[in-house]
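*Asks:* Give me the fold of what follows.
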Amino acid sequence: MAQKNNIEGSIVYGIHPIIELLKAKRRKIIKIYTSRPEPKQWPAIQKLLPAHIKVEYVDRARLGYLAETTEHQGVVALVASFLFQKQFFNPDKAPRLLLLDSIQDPRNVGALLRSAYCTNMSGVIMVEKGSSGLTPTVLKASAGLAEHLAIYQASSIQAALTEIKKAGYQLYLATVTKGKRVDEITFNQPLCLVIGSEEKGISSTMIEHGIRISIPERAGASSYNASVAGGILMFMIGISCKSI
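*Replies:* Residues are numbered from 1 along each chain as shown. Have a look, this model is predicted:
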């Protein structure tokens, strides 16, 4: 939750995140801030902008203050908080889930959310404890596509595991070693793909509750990072399940 100019709300910054925010129409937009001259891609935002939304022109220093970064691309939005899904997923309606297990790098989280959208995953589970939240940096790294996703926020990884098992999802755990080759697996729905943290991988709470899967790599490689591995695995799931 951000508070700027004594107005409570969340911050979204960057051209594509704000375009997707406007397209999604899921969150109330309180105000848009931009500068003069306007960014080159401002017309793409302006054509989606309802007439009642106020646009305030400020200098770039003010934009940097609001966004808490210089990567705002000349436009910042003050919006209502993201609407997480209140009820856990129904496997009949959401057969392919992604669980982010203790991933702390917001750019990795954003990239994974972007891939989840592009590969037609049905929903995402984020964990409140020990993980990056849905920050402005995450939204920017997702190119705004997080705005279109159904996201459920569990209080802990144990709470997430309980909900997943109760709903009857098959867990597939992304591991560097001791996993079945992803290109030799036929994925069974409903399923939940788990991507572990950058440093420790899948948490000990989760590791014995699913099928371990790995991506082949050249000898001596230091392994794919979390967001790249997740993108490859989600693509392979999409191909196997004929969902993309």
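*Asks:* How is the chain partitioned into domains?
*Replies:* 2-79, 96-240 (automatic domain parsing).
*Asks:* export those domains to a markdown table and tack on mean neighbour count and distance to Phe89?
*Replies:* Yep, even glycine has a C-beta here, placed from its N, CA and C like the rest. Listed next are the domains of the chain as a markdown table, based on neighbours: other CB atoms under 10 Å; distance: least, CB to CB, whole Å:
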| stretch | mean neighbour count | distance to Phe89 |
| --- | --- | --- |
| domain 2-79 | 16 | 17 |
| domain 96-240 | 19 | 5 |
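*Asks:* And Lys165, how close does it get to Leu63?
*Replies:* Distance, Lys165 to Leu63, using CB to CB, to the nearest Å: 45 Å.
*Asks:* Repeat that for Ala143.
*Replies:* From Ala143 across to Leu63, the span is 19 Å (CB to CB).
*Asks:* ditto for Tyr172
*Replies:* 42 Å.
*Asks:* do the same with Thr175
*Replies:* From Thr175 to Leu63 the distance is 42 Å (CB to CB).
*Asks:* Between the two ends of stretch 96-104, how far is it?
*Replies:* 23 Å (CA to CA, to the nearest Å).
*Asks:* how far is that stretch from where the chain is centred?
*Replies:* 9 Å (CA atoms, centre = their mean, to the nearest Å).
*Asks:* avg pLDDT for that stretch?
*Replies:* Average pLDDT, stretch 96-104: 96.
*Asks:* likewise stretch 171-179?
*Replies:* Average pLDDT, stretch 171-179: 90.
*Asks:* which residues sit against that stretch?
*Replies:* 164, 185, 187, 191-196, 201-202, 206-207, 209-215, 223, 229-230, 233, 237 (CB atoms under 8 Å, 6 or more residues apart in numbering).
*Asks:* Grab the CA positions of it and hand them over as CSV.
*Replies:* The C-alpha coordinates for stretch 171-179 follow below in CSV (Å, rounded to 0.1, in the frame of the first residue of the first chain):
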residue,chain,number,x,y,z
LEU,A,171,1.8,-31.2,-8.0
TYR,A,172,4.8,-31.0,-10.4
LEU,A,173,7.9,-29.6,-8.7
ALA,A,174,10.6,-27.9,-10.7
THR,A,175,14.0,-29.2,-9.5
VAL,A,176,17.5,-29.0,-10.8
THR,A,177,18.3,-32.6,-10.0
LYS,A,178,16.5,-35.9,-9.4
GLY,A,179,13.6,-35.0,-11.6
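*Asks:* what's the longest helix in the protein?
*Replies:* Identified as the longest helix of the chain according to DSSP state H is helix 226-240.
*Asks:* tell me the phi and psi of the residue most central in space within the chain?
*Replies:* Centroid-nearest residue in the chain: Leu113, 2.9 Å away (criterion: CA atoms, centre = their mean). With angles defined as degrees, to the nearest 10, Leu113 sits at phi -70, psi -40.
*Asks:* that older thread, mind checking which of the domains of the chain is nearest Gln87?
*Replies:* Gln87 sits nearest to domain 96-240 of all those, at 8.0 Å, using CB to CB.
*Asks:* Now the terminal residues of that closest one, how far apart.
*Replies:* 12 Å.
*Asks:* can you check stretch 17-36 too?
*Replies:* The first and last residues of stretch 17-36 sit 20 Å apart, counting by CA to CA.
*Asks:* what about it, distance to the chain center?
*Replies:* With CA atoms, centre = their mean as the basis, the mean position of stretch 17-36 lies at 18 Å from the chain mean.
*Asks:* Now it: average pLDDT?
*Replies:* pLDDT averaged over stretch 17-36 gives 97.
*Asks:* Give me the helix or strand of the chain that scores worst on average pLDDT.
*Replies:* The weakest-scoring helix or strand in the chain, judged by mean pLDDT, DSSP states H and E, is strand 2-4 (a mean of 45).
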